[in-house]
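Trainee: Build the 3D model from these lines:
(3 chains)
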Amino acid sequence: MGKETEEIRKIKPGRPDWFWFLFPSLLLIVLFFFLPIVITLIISGTNMSSTTGFHAWKWVGLNNFRKIAILPETADHFWLTVKYVAVTLAFFNIGMALVVSIITTHISRGTGFFFRALWLLPRITPTVTYVMMWKFLGANAPYGVFNQLIIQPLGLAPQNWVAASSFLFIVLVNGYIGASFGMIIFTSAIEAIPKDITIASLVDGASMLQRIRYVILPYIKWPLLFVTTYQTLSLMTSFEQIMVLTDGQFNTEVWSLWAYHKALQNYWGNFQWGFGNALAAVLVVVGIILGIIYLRYFKFNELVQDPKIESL
Amino acid sequence: MKINKLFTKSFPYILLIILTLPIILGYLWIVITTFSTRIYGLIPVDQSGNYFRGLTLSNWTFLTDKTKTLNVSIWLLTFNTLIIAVGLTVGVVLISMMAGYALSRIKFPGRKPFLSLTLILHSFPSVTLLIAIYFVLRWIARIPILGRGIPIIGGFGYNTLGGVILVSIALQLPLGIWLMKGFFDNVSWDLERAALIDGCSRWRTWWQIMVPQIMPGIAALSIFSFMEGWKSFLIPYSFMTSHARATLSTLLNEMMSESSPTDYGTLAAVGLFQLLPIIIFYLFTQKYLLNIFSGGVKGTA
Amino acid sequence: MKVDLINLTKKFMGITAVSSINLDIKDGEFVAFLGPSGCGKTTTLLMISGIYKPTTGDILFEGERVNHFPPKDRDIGMVFQSYALYPHMTVYQNLVFSLMLKRRPKDEMKAEAKRVADIMGIGTLLNRKPGQLSGGQQQRVALGRALIKQPKLLLFDEPLSNLDARLRISMRGEIKKLQNNLGITSIYVTHDQIEAMTMADRIAVIKDGILQAYTVPEELHDKPKTLFIAEFIGNPPMNLFEVKLLSEKGSLYADLGKGVKIGIPKTRTPKDTQKGVIKMGIRPQDLHAGKDKGIKTVIELVEPMGRDDLIVCQLGDKDIHFLTDPGLKLKTGNRINILPDMEKSQFFEIETGKSLLWA
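Mentor: Below is the predicted model:
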């Protein structure tokens, strides 16, 4: 009797519970992560475009990548992307985030909270509305806010700053969104610094700058590294704001926007899926490599515990 | 000495205000503009440029008239946006709750690889895949009924609300799964053991015992997803081309590329119209949300 | 229900948590699993409940192998240290949850809930949520939830650890009485030896996943088979120190150093008298303050414990503790004589910790 029941239980029909719990996510991950990665890599080896259609295309091997290598504009897009990521990261996603989180944790609680809430606004504002705001802040006289409030009172010549200082503006637009990510993480890290240590440094007569250098920065070393790696990846590949702000005009076409334009949105209606995917493939490969490094580096495996129920 | 001290005391505030100024000015501008005929800087002016004149409500007529740009009612677009936001919220929360539970609580082969995968995808720049996703959606569109034969959402293929929802869900899943897993991790094991001994199946334990324990997490993820869906631009813009399926974001983008700075009034009003629900939401749920804005990985860094 | 564990072993990622445990539990018996935290007692309990699967070995209920039965098919009720009440349900819903899952009619659920609530004295709490109850009340509800199924086996996982001392003592008696009245076979996991000693019919002492002893409480106390059991059972703990065995004129002595020798009675002759140095144990209550007979020493410390005074003094070169009547009014520095009751002494091999009397 005992053996029999056990047999019956073992041959429980169908798949185990965990499979169905994971099935929907697996399906979506396969459909919209795995499949696209594979498609990106495959199509990057073809000359597929709206001219060839989905039937008349040919394999071109690594030609697309060769084309990327020899095109004169490649260097422009590449260096622009590097410059854009580095500057935004340094001055906003890290720099501004640090400044805001340090100041707001050292003034009255309510005021600090209020300013952090303000800094979160750009993150929750719909992209188009947010970019529209910036467009108008930088718009030409007599409309633009900067021109009216700062430039003209200083006696300088008003102009359309979005066009004139396009690089500055893509950094500002993305930076004011990006800073809040680091701000939240740094704030909670700074608030977690034991009060004794802050008091001890005050007793020792440390100035604010000394305190930042010797108390706060060492304490937020890990969050700092985390934000840097995470935000590098997202800055490198996000182009939504730039697309709405300038659409790549005025020398602001970063790599990811370049790929998007080539493949899906361009003025001539000729969608170069093969070439666009090759451009995207470069980012995909960088993304995968950085993702794996990131996983290794932060030892997420150690955070994963074994379940404490084994039945069923 | 005294002045010096006053300076050091007020310096952080001054610096903070200067740094925050673009945000303050930007939002001030948007509010003032919506009630002005024209605006110079932050000062409303009338047609002939007289300062502090020209306050008007005419920018808000889009609420009743068809929008000039797309020739559809704003309420249809609002409805589309709402469908995306709700669909995304329901989908992400439900699917993340399922996967998060399994990953947190069930022992199965491949659990650790799956978790690592979730984390890699969490940091993976999903926008780079948009081009290829275009192909996936075109392929789905060819499946009968499922592709483009479902009422309201249209289906799950290219140029349907359902397709946009599906893509949005997928791209948000890694965050959702990781977040839900974290919340499930913190529920007592004894509680679940008690349920199993009382006679629950794993499914019932999940739904009736575990899910009620992580309500704060579900609330946070729901609010976040709703806001993401409501404000999403790139995915609807890339994968929904017909005007009847536009959202508030795509409408705004269309309007912006057509308008000159002289008639930004309506534009700002539509923007504010889209922004308002989010701000109200945000005011009431800020505490819930902070955990998610940091990517749901705050504790692990 | 009769329960048998046969060579029951559990490994987690190659690390052995429970090592080949064999024991039998008779129908209606109250058995305690006793051991320090992390010894494998809770793991064993969770295997019996079906939450964990044994790595090797078998679990038999009434002689039937149940290794692969899910928890719900095992006819068990379980009470947890953390109570594990469903926080979002009322007390009533908590109680009848298992009946609801079995789709019992409403009337029956109500009747059963009333029956159990009366037994546990929680009739007035039925509409409250667990968060509104005190720890003691929560534990009563948890017990009620386990009882309502009329299980054939009750499992307790340190149910009283989260309660305060006074409540713990009264609940202890209540659980014992309840188990006696209902006659349900019970397994009670605890690290508190007093709980185990006062409640259980038999105690399984577990250390490092290995079953050290499985016997009635008196035997555990009076005839400890290992040094670990001797140290673990009894409060205050047994005095244990190394002594040299001396044989003079056919009599056996324990040399405590500094010229202090105590005679060992024939009934307590250690198995292997050639050992030389061995460990001797004597419980604090088996040492008495004598008037003029006994070993002379000076009191180093007096700890009043209420009913008794715990005295610390030197015997030979060993520190020993013993209990005296507070009426004697002994003070630090007093000279006293000590009479050890050597008929109750214990001897152990130093290397293996095995008893030289009972093992």
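
Trainee: ok, stretch B:170-187 near chain C or not?
Mentor: No: using C-beta under 8 Å from any C-beta of the partner chain, stretch B:170-187 stays clear of chain C, with a minimum separation of 9.9 Å. Using the backbone N, CA and C atoms, a C-beta is placed for each residue, glycine as well.

Trainee: mind listing what's buried in that stretch?
Mentor: By 16 or more other C-beta atoms under 10 Å in any protein chain shown, the buried positions in stretch B:170-187 come out as B:170-185, B:187.

Trainee: so how many other residues sit close to residue 250?
Mentor: Reading this off chain A. 17 (other C-beta atoms under 10 Å in any protein chain shown).

Trainee: Please refer instead to chain C.
Mentor: C:Gly250 has 5 neighbours, counted by other C-beta under 10 Å.

Trainee: try C:Cys313
Mentor: By other C-beta under 10 Å, the residues close to C:Cys313 number 24.

Trainee: Distance check, it against C:Asn235.
Mentor: Counting by C-beta to C-beta, to the nearest Å, the separation of C:Cys313 from C:Asn235 is 20 Å.

Trainee: same deal with C:Thr267?
Mentor: Counting by C-beta to C-beta, the gap from C:Thr267 to C:Asn235 is 25 Å.

Trainee: Leaving out chain neighbours, which residue sits closest to B:Leu129?
Mentor: A:Pro36 (3.9 Å; C-beta to C-beta, 6 or more residues apart in numbering or on different chains).

Trainee: Any figure for the gap between the one you found and chain C?
Mentor: Applying C-beta to the nearest C-beta, to the nearest Å, the value for A:Pro36 to chain C is 36 Å.

Trainee: residue contacts, that residue?
Mentor: A:Pro36 makes contact with B:129, B:132-133, B:135-136 under the criterion C-beta atoms under 8 Å, 6 or more residues apart in numbering or on different chains.

Trainee: In contact with the residue in the stretch 101-250 of chain C that chain A sits nearest to, which residues?
Mentor: Here the stretch 101-250 of chain C gets closest to chain A at one residue, C:Asp157, 12.6 Å apart by C-beta to the nearest C-beta. Each residue near C:Asp157 by C-beta under 8 Å, 6+ apart is listed here: B:190, C:42, C:45, C:78-81, C:189.

Trainee: for A:Asp17, same thing?
Mentor: Under the criterion of C-beta under 8 Å, 6+ apart, the contact list for A:Asp17 reads A:312, B:102, B:106, B:201-203.

Trainee: is it true that A:Ile193 touches A:Pro223?
Mentor: No: counting by C-beta atoms under 8 Å, A:Ile193 sits too far from A:Pro223 to count as a contact (11.5 Å).

Trainee: beta partners for C:Ile15?
Mentor: Note on C:Ile15: beta-bridge partners by DSSP bridges are C:Phe12.

Trainee: follow-up on the earlier one: just the contacts of A:Pro36: which are in strands?
Mentor: Judged by DSSP state E, these include no members of strands.

Trainee: Can I get these in a markdown table including pLDDT and neighbour count?
Mentor: Shown next, in a markdown table, are the contacts of A:Pro36 (pLDDT from 0 to 100; neighbours: other C-beta atoms under 10 Å in any protein chain shown):
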| residue | pLDDT | neighbour count |
| --- | --- | --- |
| B:Leu129 | 86 | 27 |
| B:Ala132 | 87 | 28 |
| B:Ile133 | 91 | 27 |
| B:Phe135 | 87 | 20 |
| B:Val136 | 91 | 22 |
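
Trainee: And the furthest pair within those residues?
Mentor: By the measure C-beta to C-beta, B:Leu129 and B:Phe135 form the most distant pair in those, at 10.3 Å.

Trainee: Chain neighbours aside, what residue packs nearest to C:Gln285?
Mentor: Leaving aside its chain neighbours, C:Gln285 sits nearest to C:Leu323 (5.2 Å; criterion: C-beta to C-beta, 6+ apart).

Trainee: Surely C:Lys114 and C:Gly123 touch.
Mentor: Yes: using C-beta under 8 Å, C:Lys114 makes contact with C:Gly123 at a distance of 7.3 Å.

Trainee: Let me see the ranges of the strands in the stretch 201-350 of chain C.
Mentor: Along the stretch 201-350 of chain C, counting by DSSP state E, counting those that start in this stretch, strands occupy C:202-207, C:210-215, C:239-248, C:251-255, C:261-264, C:277-282, C:287-290, C:295-304, C:309-315, C:318-324, C:335-340, C:346-348.
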